[in-house]
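Visitor: Sequence isn't available, so here's the structure alone:
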């Protein structure tokens, strides 16, 4: 829907990386945010209504489905054969295996050892504890992202509100405060904020 509504990194949002150097600067991030606003504001009134946001969401879902089909249809003939399906399944399993290795290999030595398992068990215990603490605070009213950036509460998101939300998101994601986003940086920042209870 909007760049400010998603947790983006250089890897997750390649279109924001205008010069394709593997990092997203604040200027690139904001330019992509402005572009997203303009695309979503279909009636060009300078505000995003609920209908426009829902329409943009539906378009994004459709685009994701088309990309998924195109990825499976490797020869581009408009038909997914059993061989193409099986190939994607095997590829997906391999990607899952690589992600699991990356996750489990806590000390990054290329092997999963008892030490790695112990470190991951400790991490899981810490995550369970955090979830328990969050559930204790569950009586707090949950506020959606759109409610947070709709500063005047009129149910519409102005260009200024949208831009302000994008700027705040960039600052939250920029873990090392260098004015650039690199792969995985937004995720690191979110984890750090969770530990601080923010």
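Guide: That came through fine. Small disclaimer: the values here were computed from a predicted structure and weren't measured. Numbering: from 1, shown residues only.

Visitor: Now do the strands in this protein.
Guide: Applying DSSP state E to the chain gives strands spanning 24-25, 47-48, 157-158, 180-181.

Visitor: on contacts alone, who are the packing partners of the second one?
Guide: Translated: strand 47-48. If you count contacts as 3 or more C-beta pairs under 8 Å, 6 or more residues apart in numbering; DSSP states H and E, strand 47-48 packs onto strand 157-158. From N, CA and C alone the C-beta is placed, and that goes for glycine too.

Visitor: What strands flank the strand it packs on, and is each parallel or antiparallel?
Guide: strand 47-48 (antiparallel) (DSSP bridges).

Visitor: Can you tell me what sits against the strand it pairs with?
Guide: Strand 47-48 is contacted by residues 2, 37, 40-41, 156-159, 162 when judged by C-beta atoms under 8 Å, 6 or more residues apart in numbering.

Visitor: same check, this time on stretch 75-95
Guide: For stretch 75-95, contacts defined as C-beta under 8 Å, 6+ apart pick out 69-74.

Visitor: Just the buried subset of the residues you listed, please.
Guide: Neighbour-count burial (16 or more other C-beta atoms under 10 Å) applied to those gives residue 73.

Visitor: Return the member of the contacts of stretch 75-95 nearest to residue 31.
Guide: residue 70 (26.7 Å; C-beta to C-beta).

Visitor: Kindly provide the distance from that closest one to residue 77.
Guide: Counting by C-beta to C-beta, to the nearest Å, the separation of residue 70 from residue 77 is 11 Å.

Visitor: same deal with residue 129?
Guide: For residue 129, the distance to residue 77 - C-beta to C-beta - is 52 Å.

Visitor: One more: residue 59?
Guide: 25 Å.

Visitor: tell me the contacts of the nearest residue to residue 34 once chain neighbours are set aside?
Guide: Nearest residue to residue 34 in three dimensions, chain neighbours excluded: residue 163, at 7.0 Å (C-beta to C-beta, 6 or more residues apart in numbering). Residues counted as contacts of residue 163 (C-beta under 8 Å, 6+ apart) are 30, 33-34, 37.

Visitor: That'll do, ta.
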